[in-house]
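1. my questions concern the predicted model and sequence given below.
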Amino acid sequence: MVRRIIVVAALLNLSACATMNENECRNADWRVIGYEDGVAGRSATYLSQHREACSDHNVSPDLDAYRAGFDDGARNYCKPQNGFDLGRGGDAYKGQCPPDLEPVFMRAVESGQFVRYMEKEIKDAEGKRNTAEKDLDKNRDKIDAIEDELVNGSGDAQKRRDLLKQMRELENRRDDLNYELRHLDAKIREYRSVIDSIIVEQPWMKP
C-alpha cells in the first residue's frame, strides 16, 4: 500500500512539472507556443521541456515552427525596459536575444543590476539608521536619568564625579550617533538620486 502511494505521488509530481498535457501536445500550434516562450523571456532550451512532456504522448514538436515563433517572441521580449527589469529583479539573462538587440538589452540588464545593488545599499543603510535611532533614544534616556540624579540626588562628591563622567561619555556617544545618522541620511539621499537619474536618463540607450 505504501509503495503504491509513493508511486502515485511520483506520477503526480511528474505531471505537475510537465509543460504540456496530452491534449495540448496533440493540438499544438508550435509557432504560437514558440512565440509565447520567446515573449515570456524563456530560453530557447525550454523547447526540450516541451519535447520531454510530449514524448510521453508520442508527439514531437515542429522545430521549425517553434523556432520561427520563438524568434518573433524574443524580439518582442528583448526590449530595454525588460532587460532593466530583469537585472533589477536579480534574474539571469538566458541568452535569448538576437545579436542586433542584445547589446542594448545587456546594457539595460547591467543598469538594472546596478540599481538593485543601490537598493540593497539603501536597505542596509536604513537598517543601520534604525539601529542608530534606537541607540540614540536609549542614550537620551540615560542622560535624562543622570541629570535627574544630579539635580535631585544626595550622593557624595565622588558619586557626582562618577555621574558627570558618565554624562560626558554619553554625550560623546550622542554626538557620534547624530553624526552617523547624518552620514546615513546623506548616503540614502545620494543613492536614491542615482537610482532616479538612471531611471529618467535610461543610460542603456546610449551607445
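-> Yes, it's here. Numbers count the residues shown, from 1 in each chain.
2. spatially central residue in this structure, please.
-> Central residue of the chain (C-alpha atoms, centre = their mean): residue 89, 4.5 Å from the mean position.
3. could you check the distance from that one over to residue 37?
-> According to C-beta to C-beta, to the nearest Å, residue 89 stands 19 Å off from residue 37. C-beta coordinates here come from the backbone N, C-alpha and C atoms, glycine included.
4. which residues touch the residue nearest to the centre of the chain?
-> 112, 116 (C-beta atoms under 8 Å, 6 or more residues apart in numbering).
5. need phi/psi at it.
-> Recorded main-chain torsions at residue 89 are phi -80, psi -10, according to degrees, to the nearest 10.
6. for it, give its distance to residue 82.
-> In terms of C-beta to C-beta, residue 89 sits 10 Å off from residue 82.
7. give the residues shared as contacts by those two.
-> Joint contacts of residue 89 and residue 82 (C-beta under 8 Å, 6+ apart) do not exist.
8. which parts of this structure are helices?
-> 2-17, 22-26, 30-39, 47-55, 63-77, 80-88, 102-152, 157-201 (DSSP state H).
9. could you dump those to a markdown table with mean neighbour count and distance to residue 96?
-> Output for those, formatted as a markdown table (neighbours: other C-beta atoms under 10 Å; distance: least, C-beta to C-beta, whole Å):
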| stretch | mean neighbour count | distance to residue 96 |
| --- | --- | --- |
| helix 2-17 | 9 | 21 |
| helix 22-26 | 15 | 22 |
| helix 30-39 | 21 | 7 |
| helix 47-55 | 17 | 12 |
| helix 63-77 | 18 | 5 |
| helix 80-88 | 20 | 11 |
| helix 102-152 | 15 | 9 |
| helix 157-201 | 13 | 24 |
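10. show me the domain layout of this protein.
-> The chain breaks down by automatic domain parsing into domains covering 2-77, 106-205.
11. can you check which of those gets nearest to residue 94?
-> domain 2-77 (3.7 Å; C-beta to C-beta).
12. the closest one - what's its average pLDDT?
-> In this model, domain 2-77 has a mean pLDDT of 80.
13. likewise stretch 109-128?
-> Stretch 109-128 comes out at a mean pLDDT of 96.
14. how much space separates the residue lying farthest from the centre of the chain from residue 146?
-> Here the chain reaches farthest from its C-alpha mean at residue 156, the gap being 58.9 Å by C-alpha atoms, centre = their mean. Plainly put, residue 156 is 16 Å away from residue 146 if you go by C-beta to C-beta.
15. correct me, but residue 187 touches residue 126?
-> No: in this structure residue 187 lies outside contact range of residue 126 using C-beta atoms under 8 Å: 9.9 Å.
16. what's near enough to touch the closest residue to residue 41 other than its chain neighbours?
-> Once flanking residues are discounted, residue 41 sits nearest to residue 77: 5.0 Å by C-beta to C-beta, 6 or more residues apart in numbering. Applying C-beta under 8 Å, 6+ apart to residue 77 gives the contacts 38-41, 96-97.
17. select, from these, the two members most distant in space.
-> The widest separation within those (C-beta to C-beta) is 13.4 Å, between 40 and 97.
18. between those two, who's got more neighbours?
-> residue 97 (23 against 12; other C-beta atoms under 10 Å).
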